[in-house]
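>>> sequence unknown, structure follows:
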């Protein structure tokens, strides 16, 4: 998804930092390093209006989540430093119709990919596997699984347990629990990223 190019086309004056190396992308946007800020990254996001998605309401939810994490850093979520609305625009689609879309950004702490063994652990105990599977194992069951996997896989069981015990203890509900969205900081602590599909608990 070439969201940065869209930002450069529609609102170049709203790009708040100089993006450098492209680190990854997803259904909602692209992530880049920031020139001169080695400890932070920037995500450029896009929301498209469809029959089932109201982009104004969707962005309101994203803004609430980002605002919460900016004011309330959580141990198991990437720290959010800033965010912003870049504009609402339209693009041409089939049959001479126009599709509205919103461009936005947020900056957060730079995190790192988890290892293959760590991916296997989180896939087993948490990941919804992109199929809507909700793994609601009890803490006792999770501890049993972690103990068993520690005999054959290389990972820090205490940090995995801490993450599992605490990532739900915020006012935010992360709706896309997947190994792609679990990373770790410089000290090896696991954290969730990708807040575009999150919402405040009501």
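Received, thanks. Being a predicted model, the structure only gives us computed values, none of them experimental. Numbering: from 1, shown residues only.
>>> all helices of this protein, in order?
Along the chain, counting by DSSP state H, helices occupy 3-10, 55-71, 116-125, 139-149, 157-166.
>>> beta partners for residue 99?
Legend: beta-bridge partners of residue 99 under DSSP bridges are residue 91.
>>> show me what contacts it?
Residues near residue 99 by C-beta atoms under 8 Å, 6 or more residues apart in numbering: 48-49, 90-93. C-beta here means a position set from N, CA and C on the backbone, and glycine is covered the same way.
>>> just the pLDDT for it.
You'll see residue 99 listed with a pLDDT of 91.
>>> gap between it and residue 153?
Going from residue 99 to residue 153 by C-beta to C-beta, to the nearest Å gives 45 Å.
>>> try residue 6
In terms of C-beta to C-beta, residue 6 sits 40 Å off from residue 153.
>>> equivalent analysis for residue 49, please.
44 Å.
>>> what of residue 145?
Distance from residue 145 to residue 153, by C-beta to C-beta: 11 Å.
>>> same deal with residue 38?
As judged by C-beta to C-beta, residue 38 and residue 153 stand 31 Å apart.
>>> and these two? which has more neighbours close in?
Using other C-beta atoms under 10 Å as the criterion, residue 38 and residue 153 rank with residue 153 on top: 17 against 9.
>>> what's the closest non-adjacent residue to the more buried one?
Sequence neighbours aside, residue 117 is the residue nearest to residue 153 in space, at 4.1 Å (criterion: C-beta to C-beta, 6 or more residues apart in numbering).
>>> count of residues packed around that neighbour?
Quick note: residue 117 (other C-beta under 10 Å) scores 13 neighbours.
>>> got the contact list for it?
Counting by C-beta under 8 Å, 6+ apart, residue 117 has contacts 153-155.
>>> name the nearest of those relative to residue 44.
Using C-beta to C-beta, residue 155 comes nearest to residue 44 of the contacts of residue 117, at 31.9 Å.
>>> hmm, back to that, relative to residue 80, which of the helices of the chain is closest?
Once those are compared by C-beta to C-beta, helix 55-71 is nearest, at 4.2 Å.
>>> I'd like to know which elements that closest one is packed against.
strand 37-48, strand 80-93, strand 97-109, strand 172-174, strand 198-200 (3 or more C-beta pairs under 8 Å, 6 or more residues apart in numbering; DSSP states H and E).
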